[in-house]
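>>> I need the structure of the sequence given here:
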Amino acid sequence: MKDVIFEIKENLPIAKSVYRMTLSGDASEIAAPGQFVNFKLDGLYLRRPISVYDAEEDSVSVIYKVVGKGTDLMSRMTVGEKITALTGLGNGYDLSKSGGSPLLIGGGVGVPPLYMLAKRLIAEGKKVTAALGFNTADEVFCERELEKLGCRVNVATVDGSAGVRGFVTDALPDDYSYFYTCGPEPMLKAVYRAAKTSGQFSFEERMGCGFGACMCCSCRTVTGYKRICRDGPVLEKEEILWED
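Sure, this is the predicted structure:
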């Protein structure tokens, strides 16, 4: 974990209320797909945790949706400005269990961490399929980027304006060796019920500190309570206990 001052190289809208921000700086602490960074923003007490879309040693990209004061402030930042972030947070996905044909399942702003995951899996020679879920066609993003990596991509929209009509679970293929997923909790619960194999879930939770000190993002598992920011955000299917 390291606090780094980054310089903004790109901050562009890529879909309805969704932006991609690319930053230049020391990203060496980001080792695994599924990790996140925690942005410090002027005038706001709590940092904003955002999943990593892609990272190299000297750069990191994130994709975020404008939903409140913090992300609205981020969307107004311009090229050349500086922003501070804690890097290397969270445990990320474990690629060793993927098998030969893994499935990546993302909904909305749960899609971004799947890009770096897909890149790593394809580099290992895996045949990757991605199922992406959105509300409408103007919210769809990352489809083309994943296809360029070599993924087969299935899209679902609630209103049927792109891909198949329905939820992301309506776009799942019949055969896959293992799955990785990220998205809002209702979607994760639906994936849990629909999935045919074991897999890993990345949870989206409100966080205070981002590194396990405040305990505000704890969740119950078969082995007790775990902190999403430190023990997660990735948990395995078999350890999850859903709250009613």
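
>>> CA atoms for contacts and neighbours, from now on please.
OK.

>>> which strands and helices sit next to whichever strand or helix holds residue 188?
If you go by DSSP states H and E, residue 188 is part of helix 185-194. If contacts are counted by 3 or more CA pairs under 8 Å, 6 or more residues apart in numbering; DSSP states H and E, helix 185-194 sits against no helix or strand.

>>> in it, what counts as buried?
Within helix 185-194, the residues scored as buried using 16 or more other CA atoms under 10 Å are 187, 188, 191, 192.

>>> partners of the strand or helix carrying residue 22 in the sheet?
Secondary structure assignment for residue 22, by DSSP H and E: strand 18-24. Here strand 18-24 is paired, per DSSP bridges, with strand 2-15 (antiparallel), strand 59-65 (antiparallel).

>>> most packed of those strands?
Mean neighbour count (mean count of other CA atoms under 10 Å) peaks for strand 59-65 among these, with a mean of 22.

>>> ok, back up a step: redo the strands paired with strand 18-24 as TSV? Include distance to residue 126 and mean pLDDT.
Below are those laid out as TSV (distance: least, CA to CA, whole Å; pLDDT from 0 to 100):
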stretch	distance to residue 126	mean pLDDT
strand 2-15	28	96
strand 59-65	24	98
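
>>> wait, which of these is closest to residue 82?
Between residue 82 and the strands paired with strand 18-24, the tightest spacing by CA to CA is seen for strand 2-15, at 4.6 Å.

>>> how far does stretch 32-45 stretch from start to finish?
Counting by CA to CA, to the nearest Å, you get 28 Å between the two ends of stretch 32-45.

>>> list the buried residues in it.
Within stretch 32-45, judged by 16+ other CA under 10 Å, the buried ones are 32, 33, 34, 35, 36, 37, 38, 39, 40, 41.

>>> let's verify the residue nearest to the first one when sequence neighbours are not counted: helix, strand, or coil?
Spelled out, it's residue 32. Closest residue to residue 32 apart from its sequence neighbours, by CA to CA, 6 or more residues apart in numbering: residue 92 at 5.2 Å. Counting by DSSP: H, G, I helix; E, B strand; the rest coil, the backbone at residue 92 sits in coil.

>>> and residue 92, how far is that from residue 200?
Taking CA to CA, one finds residue 92 at 10 Å from residue 200.

>>> so residue 9 sits right up against residue 22, yeah?
Yes - with contact defined as CA atoms under 8 Å, residue 9 counts as touching residue 22 (5.5 Å).

>>> just the pLDDT at residue 227, thanks.
Listed pLDDT for residue 227 reads 64.

>>> what does residue 40 give?
For residue 40, the predicted pLDDT is 95.

>>> picking that back up, for the buried residues of helix 185-194, which one is nearest residue 175?
Using CA to CA, the buried residues of helix 185-194 come closest to residue 175 at residue 191, 14.7 Å.

>>> quick check: closest non-adjacent residue to the closest one.
residue 169 is the one closest to residue 191 (CA to CA, 6+ apart), at 6.4 Å.

>>> Three-state assignment for that neighbour, please.
Applying three-state DSSP: residue 169 is helix.

>>> mind listing what it touches?
If you count contacts by CA atoms under 8 Å, 6 or more residues apart in numbering, residue 169 has them with 190, 191, 194.

>>> take the residues you listed and lay them out in TSV including distance to residue 219.
Output for these, formatted as TSV (distance: CA to CA, whole Å):
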residue	distance to residue 219
190	18
191	18
194	22
